[in-house]
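Trainee: no sequence on hand, only this structure:
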């Protein structure tokens with residue numbers, strides 16, 4: 001999970017937890033393969 005969050009911070013250039021949470025939610029809606037990362 002840590003790895004995913006670091007990738008999100010790099011990709012979206014934000015460390016705002018609310019923004020990152022929203023991005024994560026969007027990602028989870030789009031794909032269920034996050035568990036395999």
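Mentor: Received it, and whenever you're ready, just let me know what you need. Since this is a predicted model, take the numbers as computed values, not measurements.
Trainee: neighbours around the closest residue to residue 15 other than its chain neighbours, how many?
Mentor: If the residues on either side of it in the chain are set aside, residue 15 comes closest to residue 9, at 5.7 Å by CB to CB, 6 or more residues apart in numbering. Backbone N, C-alpha and C define where each C-beta goes, glycine included. Residue 9 has 15 neighbours, counted by other CB atoms under 10 Å.
Trainee: what separation do you get for residue 9 and residue 22?
Mentor: Here residue 9 is placed at a distance of 13 Å from residue 22 (CB to CB, to the nearest Å).
Trainee: if we can go back for a sec, right, and the residue nearest to residue 15 touches residue 16 too?
Mentor: No - shown here, residue 9 and residue 16 do not form a contact pair, counting by CB atoms under 8 Å, at 9.5 Å.
Trainee: residues touching the residue positioned nearest the centre of the chain, list them.
Mentor: For the chain, residue 24 is the residue whose C-alpha lies nearest the centre (CA atoms, centre = their mean; 3.7 Å). Contact partners of residue 24, counting by CB atoms under 8 Å, 6 or more residues apart in numbering, are 4, 5, 8.
Trainee: just to revisit the earlier point, what about the helix or strand harbouring the residue nearest to residue 15, average pLDDT?
Mentor: Per DSSP states H and E, residue 9 falls inside helix 2-12. Averaging pLDDT along helix 2-12 gives 81.
Trainee: ok, stretch 28-37 next?
Mentor: 61.
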